[in-house]
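[1] generate coordinates for the sequence data below:
(chains A, B, C and D)
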Protein chains: 2
Amino acid sequence: MGVTKTDLFTDRQNELAKIAKVFAHPARIAILEHLIQSNTCINGDLVQELGLAQATISQHLRELKEIGLIKGSIEGVSVNYCIDAIRWAEVQNLFQDLFSGFPKISGCC
Amino acid sequence: MGVTKTDLFTDRQNELAKIAKVFAHPARIAILEHLIQSNTCINGDLVQELGLAQATISQHLRELKEIGLIKGSIEGVSVNYCIDAIRWAEVQNLFQDLFSGFPKISGCC
DNA sequence: AAAATATATCGTAATATTGCGATGTAATAA
DNA sequence: TTATTACATCGCAATATTACGATATATTTT
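    Numbering: from 1, shown residues only, chains lettered A, B, ... in the order given. Take a look at the predicted model:
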């Protein structure tokens, strides 16, 4: 037990859940918000900004990168991370679709 | 270790993460989508619909209820669950605000 | 080449989540 | 009252997440 039964659900449901999981940590929300507001967005910045250890932030960045929300380009010794605009819009639409599904006709309550 | 350092983040960041966590499971997405589409939405329904045990579904329903996304009214022997429209819109706006924050001026990449 | 800087990965401890059988509870039916 | 029906909760095992020190890697500087 303890393992999610992904085979019971549609691909869309599994994907949406997987993406939501990336949003499901305040540090990753904070990283995204920092990337949105800042133009010079390197890991070192974030270690100063948030109070977490370098290893921890690097791990959060990897999760954001794995789901495609951010991308990093090597800039000399450091890495320049930023939001992937295409994927951002894609994910936005996924959530939008879920939210706009209700109310449909508002039948019961 | 292993415990999220909520004190490092803003209330909004923590709340958004907490809500995202509820969306971060395909069964809960499936439950929400079922509630959106159906008008007669009781737990028994869901046990048939999804392939999970009654105890498991009840637990997922509780998490959805705790964050306020759904509410249940006792209907004789069964419980009539449905989406809380007010909270739904509230949560939608929270995500909307995050998503629409980018692109701001689209400075770097 | 050696040192410094920035980030990634590994390993591990603490904690959280998932799933479900067993059992509890509360309303209706017999 | 006893049985039935529909959930809810408990307790536990399996697995996942979080955080971080230690260490690896890779680029620039000296």
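[2] for the lengthiest helix in chain A, name the packing helices and strands.
    Looking only at chain A and at elements set by DSSP state H, the helix with the highest residue count is helix A:85-100. Contact partners of helix A:85-100 among helices and strands, from 3 or more Cβ pairs under 8 Å, 6 or more residues apart in numbering or on different chains; DSSP states H and E: helix A:11-23, helix B:26-37, helix B:85-100. Heads up, the C-betas are built off the backbone N, CA and C, glycines and all.
[3] quick check, residue A:60 in contact with residue A:28.
    Yes: contact criterion Cβ atoms under 8 Å: residue A:60 and residue A:28 qualify, at 5.1 Å.
[4] okay, residue A:2: pLDDT?
    Predicted confidence (pLDDT) for residue A:2: 66.
[5] neighbour count: residue A:60 and residue A:28, which is higher?
    residue A:28 (23 against 19; other Cβ atoms under 10 Å in any protein chain shown).
[6] hang on, that one packs against residue A:64?
    Yes: with contacts counted by Cβ under 8 Å, residue A:28 reaches residue A:64, the gap being 5.9 Å.
[7] show me the contact partners of the helix or strand bottoming out on mean pLDDT in chain A.
    Sorted by mean pLDDT, DSSP states H and E, the helices and strands of chain A end with helix A:43-49, the least confident at a mean of 87. Identification of contacts with helix A:43-49 by Cβ atoms under 8 Å, 6 or more residues apart in numbering or on different chains yields A:30, A:31, A:34, A:38, A:53, A:54, A:57, A:58, A:61, A:78, A:79, A:81.
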